[in-house]
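Trainee: any chance you could fold what I've pasted below:
(one chain, ligands or ions: 1)
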Amino acid sequence: MIFEPVEFKNKLLANRIVSAPLASSSSMEDGSPSEKSLEIYGRFAASGAGLIIVEHHAVNIYGRTRPAQFLADSDEVAKKHSVISRVLKSGNALCMAQINHAGAKIADPAVFEMEGYRSFSPSGVPVGDNWDKLGRSPEVMTRSDIRRTVDDFINAAVRMVKTAGYDGVQIHASHGYLLGQFLSPLTNRRDDEYGGSDAKRARLLYEITDGVRQSLKDIPLSVRLGAADFLPGEKPLGLSTDETVAVARELANLGVDMIGISGNLCGYGLDRKDSAYFAPYAERIKSSLGSSVLVECTGGINDVRTADKMLLEGVCDLVGVGRLMLRDPGFVARWKESY
Ligand SMILES: Cc1cc2nc3c(=O)[nH]c(=O)nc-3n(C[C@H](O)[C@H](O)[C@H](O)COP(=O)(O)O)c2cc1C
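Mentor: Residues are numbered from 1 along each chain as shown. Below is the predicted model:
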């Protein structure tokens, strides 16, 4: 099944293997790709994966988690990103740009040395280990900060398609970044229309998704969801899978074509030794959605038998591969040979 083509918003994916977004920390100072970025994506393009999702691009300068991150905040920078979409399309893959705002999750405190940088968050709750060293707290977003962020996501999506030449975009709402911070009751303690109930915590994501869908009606649109704040098997705390099922349903109503499943505040499971560790979440979410939305699952999927079994058993429609793609893009050809 894994090597069967699948329809994705009126386009055809050659197979069901997705090159998961992998931040390369390779950008130029203005957030555009460097020679190193081009070399990395050239290797991914040659892999034969059906869909390649390019690492998170910050929608504005406040949305960076580290200095060498891609930006999608202007037409000038978007024009420079077209070298990446061109190289990906030459390999016959469909390609999407992931757009993100890091909010209070700072991977490298050097972002504070960048001109004009400010760190925003739903409620001033720090995320990650760097805040103790920094001796400060993230700012609480005002309503006008939120409105500007919605516009920045929509504008970034439009320019990554229309100017940078990507086939589609993925909105990053996982791994404890800004949209994940709004979704989680552990980091969102607001008492306005963007906090409190599950639906209010998801409101920012819905406004962004709706705005992007209305602006780009015919392109493949994806949201990467952190299915829960805890990993499968851990003690439940914070955002639960039940809440995420409701969010996924509403995203489907808003016209999203693909939902990617990963973790939220727990991250993407780098320390997990088990295989396909997010499969239980993906299966629950897929079973709650109609067939109009593809569900993609990434995390610890390292062999073709596991990947194909997930597809055959209806756990998901697409399988994502991250670190293996980074180490050895030749795995797609090997999987095909041994299939
Ligand atoms: C170096 C590195 C960079 C990553 N960058 C991103 C990113 O930009 N956006 C994202 O959603 N996930 C990112 N991830 C998470 C991966 O997409 C993936 O979920 C994770 O590696 C688990 O899948 P795997 O077991 O196949 O590696 C990154 C992971 C790694 C190791």
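
Trainee: what sits closest to C316 if chain neighbours are left out?
Mentor: C297 (4.1 Å; CB to CB, 6 or more residues apart in numbering). All C-beta spots, glycine's among them, are computed from the backbone N, C-alpha and C.

Trainee: looks like R64 contacts V111 (just checking).
Mentor: Yes: counting by CB atoms under 8 Å, R64 does reach V111; the two are 5.4 Å apart.

Trainee: about what we covered before: the residue nearest to C316: what secondary structure?
Mentor: strand (DSSP: H, G, I helix; E, B strand; the rest coil).

Trainee: what's the nearest residue to the residue in the chain that the ligand sits nearest to if we skip its chain neighbours?
Mentor: Scanning the chain for the residue nearest the ligand gives G322, at 2.9 Å (criterion: CB to the nearest ligand atom). Leaving aside its chain neighbours, G322 sits nearest to A20 (4.0 Å; criterion: CB to CB, 6+ apart).

Trainee: residues contacting the one you found?
Mentor: By CB atoms under 8 Å, 6 or more residues apart in numbering, the contact list for A20 reads 53, 260, 298, 320-322, 325.

Trainee: dump these to CSV, plus secondary structure, distance to E7 and neighbour count.
Mentor: Listed next are the contacts of A20 as CSV, based on DSSP: H, G, I helix; E, B strand; the rest coil; distance: CB to CB, whole Å; neighbours: other CB atoms under 10 Å:
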residue, secondary structure, distance to E7, neighbour count
I53, strand, 18, 30
G260, strand, 17, 31
T298, strand, 21, 26
G320, strand, 18, 27
V321, strand, 21, 24
G322, coil, 24, 20
M325, helix, 23, 21
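
Trainee: nearest to S47 among those?
Mentor: Nearest to S47, judged by CB to CB, of the contacts of A20 is M325 at 6.5 Å.

Trainee: got a pLDDT number for that closest one?
Mentor: On pLDDT, M325 comes in at 98.

Trainee: alpha carbons only: can I get the helix or strand of the chain with the lowest mean pLDDT in CSV?
Mentor: Lowest by mean pLDDT, DSSP states H and E among the helices and strands of the chain is helix 130-134, with a mean of 89. The C-alpha coordinates for helix 130-134 follow below in CSV (Å, rounded to 0.1, in the frame of the first residue of the first chain):
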residue,chain,number,x,y,z
ASN,A,130,16.3,28.5,28.5
TRP,A,131,14.2,30.9,30.5
ASP,A,132,16.0,30.3,33.9
LYS,A,133,19.3,31.3,32.3
LEU,A,134,17.6,34.4,30.7
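
Trainee: got a list of contacts for the helix or strand following it?
Mentor: Following helix 130-134 in sequence order, the next helix or strand is strand 139-140 (DSSP states H and E). Here strand 139-140 makes contact (CB under 8 Å, 6+ apart) with 118-124.

Trainee: what strands line up against strand 139-140, and which way round?
Mentor: Strands that pair with strand 139-140, judged by DSSP bridges, come out as strand 120-121 (parallel).

Trainee: which stretches of the stretch 151-300 of the chain form helices?
Mentor: Using DSSP state H, counting those that start in this stretch, the helices of the stretch 151-300 of the chain run over 178-183, 198-201, 203-215, 241-253, 279-287.

Trainee: which two from the contacts of A20 end up farthest apart in space?
Mentor: Among these, G260 and M325 lie farthest apart (CB to CB), at 14.6 Å.

Trainee: quick one: the nearest residue to S137 once chain neighbours are set aside from T163, how far?
Mentor: Nearest residue to S137, sequence neighbours excluded (CB to CB, 6+ apart): G124, at 5.3 Å. According to CB to CB, to the nearest Å, G124 and T163 sit 35 Å apart.

Trainee: interface residues of this protein facing the ligand?
Mentor: 20-23, 55-56, 98, 172, 175, 224, 262, 268, 298-301, 321-324 (CB under 6 Å from any ligand atom).
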